[in-house]
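**Q** starting from these lines, generate the structure:
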Amino acid sequence: MEKVSDKELHKKLSVLREKLRLFRFENAFGKAKNLKAGKNMRREIAQILTELNTRAVQ
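**A** Okay, the predicted model is just below:
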């Protein structure tokens, strides 16, 4: 993830946040089948935010 530009990380972050939002709606209506997907998306979002914050400090 260190080789990816900030712009690409922000783009990926917005896409993942939108996917997580849709996943939460599916889960609320009982349509979600893979419940681990939400956990994985949250983990990816956290990793991206950590990388962006690390870059901001440096």
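**Q** every contact and neighbour count from this point should use C-alpha atoms.
**A** OK.
**Q** for L20, see how far away V57 is.
**A** As defined by CA to CA, to the nearest Å, V57 lies at a distance of 27 Å from L20.
**Q** pLDDT score assigned to Q58?
**A** Listed pLDDT for Q58 reads 85.
**Q** and it, how many residues sit next to it?
**A** A count of neighbours around Q58, defined by other CA atoms under 10 Å, yields 5.
**Q** then L9?
**A** Close neighbours of L9, defined as other CA under 10 Å, add up to 18.
**Q** out of everything not next to it in sequence, what's closest to it?
**A** Setting aside the residues directly before and after it, L9 is nearest to I48 in space (CA to CA, 6 or more residues apart in numbering), at 6.6 Å.
**Q** check which helix or strand covers the residue nearest the centre of the chain.
**A** Centroid-nearest residue in the chain: I45, 3.1 Å away (criterion: CA atoms, centre = their mean). Per DSSP states H and E: I45 is located in helix 36-57.
**Q** in PDB, could you pull the C-alpha coordinates for that helix?
**A** The C-alpha coordinates for helix 36-57 follow below in PDB (Å, rounded to 0.1, in the frame of the first residue of the first chain):
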ATOM      1  CA  LYS A  36     -17.400 -11.500   7.000                       C
ATOM      2  CA  ALA A  37     -17.300  -9.100   4.000                       C
ATOM      3  CA  GLY A  38     -18.300  -6.200   6.300                       C
ATOM      4  CA  LYS A  39     -15.500  -7.000   8.700                       C
ATOM      5  CA  ASN A  40     -13.000  -7.200   5.800                       C
ATOM      6  CA  MET A  41     -14.200  -3.900   4.400                       C
ATOM      7  CA  ARG A  42     -13.800  -2.100   7.800                       C
ATOM      8  CA  ARG A  43     -10.300  -3.600   8.100                       C
ATOM      9  CA  GLU A  44      -9.300  -2.300   4.600                       C
ATOM     10  CA  ILE A  45     -10.700   1.100   5.400                       C
ATOM     11  CA  ALA A  46      -8.700   1.200   8.700                       C
ATOM     12  CA  GLN A  47      -5.500   0.200   6.800                       C
ATOM     13  CA  ILE A  48      -6.000   2.900   4.200                       C
ATOM     14  CA  LEU A  49      -6.700   5.600   6.900                       C
ATOM     15  CA  THR A  50      -3.600   4.400   8.900                       C
ATOM     16  CA  GLU A  51      -1.400   4.800   5.800                       C
ATOM     17  CA  LEU A  52      -2.800   8.200   5.000                       C
ATOM     18  CA  ASN A  53      -2.300   9.400   8.500                       C
ATOM     19  CA  THR A  54       1.300   8.100   8.600                       C
ATOM     20  CA  ARG A  55       2.000  10.000   5.400                       C
ATOM     21  CA  ALA A  56       0.500  13.100   6.800                       C
ATOM     22  CA  VAL A  57       2.700  13.000   9.900                       C
END
